[in-house]
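Student: Fold the following and give me the result.
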Amino acid sequence: MNVLLCSTYELGHQPLGLASPAAHLRAAGFPVECRDLAVERLAEASVRAADVVGISVPMHTAIRLGALLAAEVRAIQPRAHVCFYGLYASLNGDYLLANGGDSVVGGEYEQGLVSLVRRLDGEAGEPAGVRLAGGAPVEPHLGRLRFLVPARDGLPPPDRYAFLDLGHERRTAGYVEASRGCAHRCLHCPIPPVYGGRLRIVQEDVVLSDVDQLVAMGVRHIDFGDPDFLNGVRHSLRIVRRMHERHPDLTFDFTAKVEHLIEHRDVLPEMARLGCVFVQTAVESLSETVLRHLDKGHTAADVRLARRIADRAGIALRPTFVAFTPWTTRDDYLDVLDFVEEMGWIDHVPPVQYTIRLLIPPGSALLGRPRLDGLLGGLDEARFSYEWRHPDPAMDELHPAVSALVERAEADGEDPCETFHRVRSLAGSRGRGRRAAPAPAAGRPHVPRLSEPWFC
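Tutor: Predicted coordinates for the structure are as follows:
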């Protein structure tokens, strides 16, 4: 069985969602070709030669593009078995199987893909965690897995992807994961409906061997893509300590919850000494109402404390936001902008963060809760999200206006500080009449960042 694995979008990094299953399929004896369509074209010859086409869908943008890819694959090779796999696959199984998919695999997908291909190759037995077209829904496979070192040789080189921008220097970045799942259950996150508060650890030797091969490819910065790198803080510390011993010049970044930054404040100075240059954290909102509805587990005061902790450790904090929710008032929106300026975070926050609108995918933990009564519409299957409307129509008008402003600004290469003040002027002009402050002088301190901003 010839297997073609395809990725459409994985946040500007070499797709682990191809490299990891490729290693497992190869170990099972199946030839595998990988295509990352974010940076290379789909080769028709590869599709025609494939018996199985796996489409990685780890996030919302990827599943929208993946559904279009499935139609393209069908037009080229109608006989190929098309499988969607990854975090968003099982959440959207009904639609994917009705629109070009033959199977979906959620959870720990490596074992599911191997067992599926074995079954298609004639072996007996039920594939683990695989839902087939015409079959009943199945639970995602969450059994513990002995991971293999990802097979990256079939992917475009790391220098084709996002890089670390230190201002005075650019570093080729590589993406690895030390864990999957999350111990927390934030209601808007797509991870809890699949993992249910469970965490799956990637073995240390696998992570470190993956780092070794990335360094050999020219990588000088590691982006740890765990949903929360401090979920398993001892595991993470062991990895970065050993990584620093092997590669003392490597820098790295990671993602962690506000409450974990506070709980594990004692480890941050060591993380900085070992090469951490920034931490990404999901602030989402400063409104007590919104934070309660999302069950985020922190307050605005906690965000201030986390900022002080990170500053003392010498690590830049890069907050992310869900700027528009059904409960976000105009004052809430303006409060975020004021807070960003007060904290000196204008250069820490990519302007796209001021446009992020709450997604409510199938299976979301928000569904069925009274907090959405009267606000939630039907499921837009083609957009993989439930529609919702804001009780204040002006907020639903503000979102596309801000999105258009930011999109034009990014296309023009506008200074993010200028964009920030234009966003605040736009939002204020519809409410409290706030006026934009002048942009600061050139030469302000550079904040370490990856060249492709995070959004789902």
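Student: where exactly do the helices run in the stretch 351-456 of the chain?
Tutor: Residue ranges of the helices in the stretch 351-456 of the chain, as given by DSSP state H, counting those that start in this stretch, are 393-412, 416-429.
Student: Tell me which residues of the shortest one come out buried.
Tutor: So that's helix 416-429. 416-428 (16 or more other C-beta atoms under 10 Å). To be clear about C-beta, it is placed using only N, CA and C from the backbone, and glycine gets the same treatment.
Student: circling back: any chance of JSON lines for the helices of the stretch 351-456 of the chain, columns distance to Leu250?
Tutor: Shown next, in JSON lines, are those (distance: least, C-beta to C-beta, whole Å):
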{"stretch": "helix 393-412", "distance to Leu250": "30"}
{"stretch": "helix 416-429", "distance to Leu250": "27"}
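Student: Dump those to a markdown table, plus mean pLDDT.
Tutor: A markdown table is the format used below for those (pLDDT from 0 to 100):
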| stretch | mean pLDDT |
| --- | --- |
| helix 393-412 | 97 |
| helix 416-429 | 91 |
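Student: out of these, nearest to Ala310?
Tutor: Across the helices of the stretch 351-456 of the chain, Ala310 has its closest neighbour in helix 416-429 (20.0 Å, C-beta to C-beta).
Student: which strands and helices sit next to the closest one?
Tutor: helix 330-342, helix 393-412 (3 or more C-beta pairs under 8 Å, 6 or more residues apart in numbering; DSSP states H and E).
Student: Quick check: phi and psi on Asp223?
Tutor: When read as degrees, to the nearest 10, the backbone of Asp223 gives phi -100, psi 110.
Student: Tell me how far the residue lying closest to it once chain neighbours are set aside lies from Val47.
Tutor: Nearest residue to Asp223 in three dimensions, chain neighbours excluded: Tyr175, at 4.8 Å (C-beta to C-beta, 6 or more residues apart in numbering). With distances taken as C-beta to C-beta, to the nearest Å, Tyr175 is found 26 Å from Val47.
Student: With neighbour numbers in mind, choose between the two.
Tutor: Tyr175 (25 against 21; other C-beta atoms under 10 Å).
Student: about what we covered before: mind putting the helices and strands packed on helix 416-429 into JSON lines with distance to Arg41 and mean neighbour count?
Tutor: As requested, these are exported to JSON lines (distance: least, C-beta to C-beta, whole Å; neighbours: other C-beta atoms under 10 Å):
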{"stretch": "helix 330-342", "distance to Arg41": "39", "mean neighbour count": "18"}
{"stretch": "helix 393-412", "distance to Arg41": "23", "mean neighbour count": "15"}
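Student: Tabulate those helices in a markdown table, adding columns for distance to Leu5.
Tutor: Formatted as a markdown table, these follow (distance: least, C-beta to C-beta, whole Å):
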| stretch | distance to Leu5 |
| --- | --- |
| helix 330-342 | 39 |
| helix 393-412 | 30 |
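Student: His81 is nearest to which of these?
Tutor: helix 393-412 (37.6 Å).
Student: residue contacts, the closest residue to Gly378 other than its chain neighbours?
Tutor: If the residues on either side of it in the chain are set aside, Gly378 comes closest to Glu387, at 6.2 Å by C-beta to C-beta, 6+ apart. Glu387 is in contact with Leu376, Gly377, Gly378, Leu379, Asp380, counting by C-beta atoms under 8 Å, 6 or more residues apart in numbering.
Student: so of the residues you listed, which ones are in strands?
Tutor: Leu376, Gly377, Gly378, Leu379, Asp380 (DSSP state E).
Student: surely the last one meets Pro362?
Tutor: No: the pair Asp380 and Pro362 fails to qualify as a contact (C-beta atoms under 8 Å) at a distance of 10.5 Å.
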